[in-house]
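Asker: Give me a 3D structure for the following:
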Amino acid sequence: MKNLILSTAVLALTAGVAAAETVRLGTEGAYPPYNFLNDAGEVDGFERELGDELCKRAELTCEWVTNDWDSIIPNLTSGNYDAIIAGMSITDERKEVVDFTQGYTQPSPSAYAALAEGVDVNSAAVAAQSSTIQSGHVATTGATLVEFPTPDETVAAVKSGEVDAVLSDKDYLNPIVAEGGLVFIGDVYLGGGIGMAFRKSDADLRGKFDAAIASMKADGSLNALLDKWEIEGKF
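Answerer: Coordinates of the predicted model:
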């Protein structure tokens with residue numbers, strides 16, 4: 001009986017350790033080319049490939065969780081997943097709540113897009129996704145900020161004439177402008193690059209991913225991945 005009890009305890013401990021090694025990665029799944037859901041309903045894009053490779057290098061088993069952008073940090077801090085990898089720019093304001101890895105992109109431009117040139121972005125109605133560095137920037141200008149929950153809605157608002165322009169990551173807007181209908185009318189650099197975010201209590205876990213990012217920078221594989229997904233901000 002004692003052996004049975006001991007064996008059961010060991011199995012329970014082993015299961016707990018295994019569970020602890022499964023890291024849940026939270027992403028939005030709606031911000032191509034960084035992250036999106038493919039036709040099979042699976043997380044895809046630059047950050048899917050990056051996250052899978054980082055987990056491999058850190059010798060961690062990872063699973064993906066999607067979450068609306070507006071609540072992505074609160075649901076990290078409440079324990080619904082263990083890290084955010086979702087095109088999140090590193091900012092001083094966010095650092096008050098979460099800890100970031102080093103950036104896996106250099107700071108890259110945000111861009112204004114409109115139906116035609118000649119829009120004064122400092123006095124126009126400008127759409128931006130809520131809780132982003134772009135919405136924060138528009139709020140500091142003389143423009144009228146109109147926020148939307150998703151990036152797709154910001155673009156739709158411009159096309160419908162609800163607003164005069166949109167401000168978003170240029171990497172996101174590039175294929176949309178290339179399709180026609182919108183034109184770029186200006187760039188602005190915001191934030192300190194994009195990184196993974198962690199709870200402040202998870203320094204060890206953050207350190208494992210930080211080391212993996214550094215190794216991808218060192219061997220050139222990170223730049224190759226940025227090239228593949230046509231994302232600016234190479235190292």
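
Asker: Please name the spatially closest residue to Val98 (chain neighbours excluded).
Answerer: Nearest residue to Val98 in three dimensions, chain neighbours excluded: Ala197, at 4.2 Å (Cβ to Cβ, 6 or more residues apart in numbering). Placement of C-beta: from N, CA and C, glycine included.

Asker: Return the set of residues that bridge with the one you found.
Answerer: Ile84, Phe100 (DSSP bridges).

Asker: ok, it - contacts?
Answerer: By Cβ atoms under 8 Å, 6 or more residues apart in numbering, the contact list for Ala197 reads 73, 76, 83-84, 88, 94, 98-100.

Asker: Quick one: mean pLDDT over stretch 39-48.
Answerer: The predicted model assigns stretch 39-48 a mean pLDDT of 98.

Asker: just stretch 99-115 next, same as before
Answerer: 96.

Asker: Can I get that stretch in PDB? Just the C-alpha atoms.
Answerer: Output in PDB follows, covering the C-alpha atoms of stretch 99-115 (Å, rounded to 0.1, in the frame of the first residue of the first chain):
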ATOM      1  CA  ASP A  99       7.900  42.700 -18.400                       C
ATOM      2  CA  PHE A 100       9.100  42.400 -22.000                       C
ATOM      3  CA  THR A 101      11.800  40.400 -23.700                       C
ATOM      4  CA  GLN A 102      14.200  42.200 -26.000                       C
ATOM      5  CA  GLY A 103      12.600  43.200 -29.200                       C
ATOM      6  CA  TYR A 104      12.300  40.700 -32.000                       C
ATOM      7  CA  THR A 105      11.800  43.600 -34.400                       C
ATOM      8  CA  GLN A 106      13.500  47.000 -34.500                       C
ATOM      9  CA  PRO A 107      11.200  50.000 -34.300                       C
ATOM     10  CA  SER A 108       9.400  50.200 -37.600                       C
ATOM     11  CA  PRO A 109       7.100  52.900 -39.000                       C
ATOM     12  CA  SER A 110       3.400  53.300 -38.400                       C
ATOM     13  CA  ALA A 111       1.700  54.800 -41.400                       C
ATOM     14  CA  TYR A 112      -1.300  57.000 -42.100                       C
ATOM     15  CA  ALA A 113      -3.500  55.900 -45.100                       C
ATOM     16  CA  ALA A 114      -6.500  57.600 -46.600                       C
ATOM     17  CA  LEU A 115      -8.600  57.500 -49.800                       C
END
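
Asker: buried residues in it?
Answerer: For stretch 99-115, the neighbour count (16 or more other Cβ atoms under 10 Å) marks 99-101, 103-105, 107-114 as buried.
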